[in-house]
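Visitor: quick one, what's the 3D model for this:
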Amino acid sequence: GKGVRPRITQYRKILEVVDGLRIPGHLAGLAPRPWELEQRANQSQSEDPNVLLAQGGAGLWDIAEWLRRTEMSSISSATLESIEQGIDQLARAYPYANADYLHQRTRSGLQYVTKQLEGRMTLRQHRELLVHTGWLFLLNACVQYDRGQREAANLSKAAALRIGEEVGHGEIKAWAWEIEAWFALTQHRWQDMLNAVEAGHAADQTHSVGVQLYAHKARAAARMGDARMVRDSLDAGRARLDRLPRPDHPEHHFIIDPDKWDFYEMDAYRLLGDDERAADHARSVIRISTGPDGTEISPMRAAEARLTLGVAAARTGDLDEAIYMANKALEADRKSLPSLLLVANELDKELRSRYPRETATRDFHERILSIKRGASTPELPF
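Guide: Modelled structure (predicted):
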């Protein structure tokens, strides 16, 4: 077998990310990094405020001069706009684009944007750039988690939360908590999940992220067997969704649209054992996830819908249908491993309890195990 790979300690990995992206130490909760101190040392003595004050430099302490300086900028509004468009395109490509491609693009986005932060700019531009960085970290967290890079995903999510706090951006903070809730869901930490949902609601009350938080609460409640909380959460989420305008770009990862709602109801009803309703919603999800030309626009959602149909079929005694759906689900190119495995494990349990002696059951179980083994390969630092 392979030798045990030494684990990179969390702290060293944080430093690598912080230095690689040139994130100032204070933003990551660390002391100033060596390269920051070098930069400061290089700024000549004459700029030291103590020296200037001692010399009484009356001319320099002129209000008009200060104001002029705060408005000087080496970044154009066109650059800021193109960064925003780039992030928007990445978020809209998230549901179907190749995960490695997304990962690469998000990383180069982070490198580019954090490099821009070193230039001269107005306070407003600085805040705007930090907000862009926050969205990129959120996207990075999702893509890393989809690829099975748990530690890296946690770092990206924490970075987004810090930036959200730094610039007072409720929606970014709420999405960071939403991502934390999803991590907790796929790791079976129900109470952590409920806490993350509450923190997300506290951070933002006005955007569609709240809809997703209610959906998560329903999913946690269903796994805890609390049918009443499931229905209350779904009702609250639906009510919030109905108050929001219909989005221009429903595929945008950080905008919840009515079509995603079927997906959450499907998940909740499957867990409550309401197979008929779960299957209805699952068929609807597959229909919505397929474009007019037959290409899948939301392959990850469609895969979970197929697993749901598999669970429903297994429970009603149709083993062939269950296995057919299960295999089709696992064939998807674009997958979010943690979410897929969560539902695949449910199907695995159903098959093993109902059809323990069938070869198909053993084969499916083996397939799940090999996916899990593949997902636990050592991570890259990013």
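
Visitor: C-alpha only now, for contacts and for neighbours.
Guide: Will do.

Visitor: in stretch 340-357, what's buried?
Guide: For stretch 340-357, burial by neighbour count (16 or more other Cα atoms under 10 Å) applies to 340, 341, 343, 344, 346, 347, 348, 349, 350, 351, 352, 355.

Visitor: so of those residues, which ones are in helices?
Guide: Counted as lying in helices by DSSP state H, out of the buried residues of stretch 340-357, are 340, 341, 343, 344, 346, 347, 348, 349, 350, 351, 352.

Visitor: pLDDT added to those, as a markdown table?
Guide: Formatted as a markdown table, these follow (pLDDT from 0 to 100):
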| residue | pLDDT |
| --- | --- |
| 340 | 85 |
| 341 | 87 |
| 343 | 88 |
| 344 | 91 |
| 346 | 89 |
| 347 | 92 |
| 348 | 94 |
| 349 | 92 |
| 350 | 91 |
| 351 | 94 |
| 352 | 94 |
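
Visitor: reformat the residues you listed as JSON lines; add distance to residue 82.
Guide: Shown next, in JSON lines, are these (distance: Cα to Cα, whole Å):
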{"residue": "340", "distance to residue 82": "34"}
{"residue": "341", "distance to residue 82": "37"}
{"residue": "343", "distance to residue 82": "38"}
{"residue": "344", "distance to residue 82": "40"}
{"residue": "346", "distance to residue 82": "43"}
{"residue": "347", "distance to residue 82": "44"}
{"residue": "348", "distance to residue 82": "46"}
{"residue": "349", "distance to residue 82": "48"}
{"residue": "350", "distance to residue 82": "49"}
{"residue": "351", "distance to residue 82": "50"}
{"residue": "352", "distance to residue 82": "52"}
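
Visitor: for residue 345, list the residues it contacts.
Guide: The contact partners of residue 345, by Cα atoms under 8 Å, 6 or more residues apart in numbering, come to residue 368.

Visitor: from residue 208, how far off is it?
Guide: To residue 208, residue 345 is 29 Å away according to Cα to Cα, to the nearest Å.

Visitor: gap between the strand or helix carrying residue 92 and the chain center?
Guide: Using DSSP states H and E, the element containing residue 92 is helix 77-93. Distance of helix 77-93 from the chain centroid (Cα atoms, centre = their mean, to the nearest Å) equals 18 Å.

Visitor: that helix - what's its average pLDDT?
Guide: The average pLDDT within helix 77-93 is 87.

Visitor: low-confidence stretches in this structure?
Guide: For the chain, the stretches with pLDDT under 70 are 1-11, 13, 27-29, 38-71, 375-382.

Visitor: could you rerun that using 80?
Guide: 1-74, 258-259, 294, 297, 334-335, 374-382 (pLDDT under 80).

Visitor: could you pull out the strands in it for me?
Guide: Taking DSSP state E, the chain contains no strands at all.

Visitor: so which residue is dead centre in it?
Guide: residue 142 (3.1 Å; Cα atoms, centre = their mean).

Visitor: test my guess that it contacts residue 152.
Guide: No - in this structure, residue 142 is not within contact of residue 152 by Cα atoms under 8 Å, at 10.2 Å.

Visitor: by residue count, which helix of this protein is the longest?
Guide: Max-length helix for the chain by DSSP H is helix 123-146.

Visitor: okay, now the spatially closest residue to residue 252 that is not a sequence neighbour: neighbour count?
Guide: The shortest distance from residue 252 to any non-neighbouring residue, by Cα to Cα, 6 or more residues apart in numbering, is to residue 92 (4.1 Å). By other Cα atoms under 10 Å, the residues close to residue 92 number 18.

Visitor: where's the residue nearest to the centre of the chain relative to residue 164, distance?
Guide: 17 Å.

Visitor: same thing with residue 237?
Guide: For residue 237 relative to residue 164 (Cα to Cα), the value is 24 Å.

Visitor: which of the buried residues of stretch 340-357 sits closest to residue 186?
Guide: residue 341 (8.3 Å; Cα to Cα).

Visitor: pull the contacting residues for the closest one.
Guide: So residue 341 contacts 368, 372 (Cα under 8 Å, 6+ apart).

Visitor: likewise the one 5 residues further on?
Guide: Going by Cα under 8 Å, 6+ apart, residue 346 touches residue 311.

Visitor: neighbours of the residue nearest to the residue nearest to the centre of the chain when sequence neighbours are not counted, how many?
Guide: Closest residue in space to residue 142, ignoring its immediate chain neighbours: residue 153 at 6.8 Å, by Cα to Cα, 6+ apart. Number of residues near residue 153 (other Cα under 10 Å) recorded here: 26.

Visitor: same check on residue 358?
Guide: For residue 358, using other Cα under 10 Å, the count is 12.

Visitor: state the distance from it to residue 275.
Guide: Distance from residue 358 to residue 275, by Cα to Cα: 23 Å.

Visitor: do the same with residue 32
Guide: 56 Å.

Visitor: more crowded one of these two?
Guide: Taking other Cα under 10 Å, residue 32 and residue 275 do not tie; residue 275 has more neighbours (20 against 14).

Visitor: the nearest residue to that one once chain neighbours are set aside and residue 290: what is the separation?
Guide: Nearest in space to residue 275, with sequence neighbours left out and distances taken as Cα to Cα, 6+ apart, is residue 312 at 5.3 Å. According to Cα to Cα, residue 312 and residue 290 sit 21 Å apart.

Visitor: who has more neighbours, those two?
Guide: Remark: of residue 312 and residue 290, residue 312 carries more neighbours, 24 against 15, as counted by other Cα under 10 Å.

Visitor: so what's the more buried one up against?
Guide: If you count contacts by Cα under 8 Å, 6+ apart, then residue 312 has 270, 275, 276, 278, 279, 322 around it.
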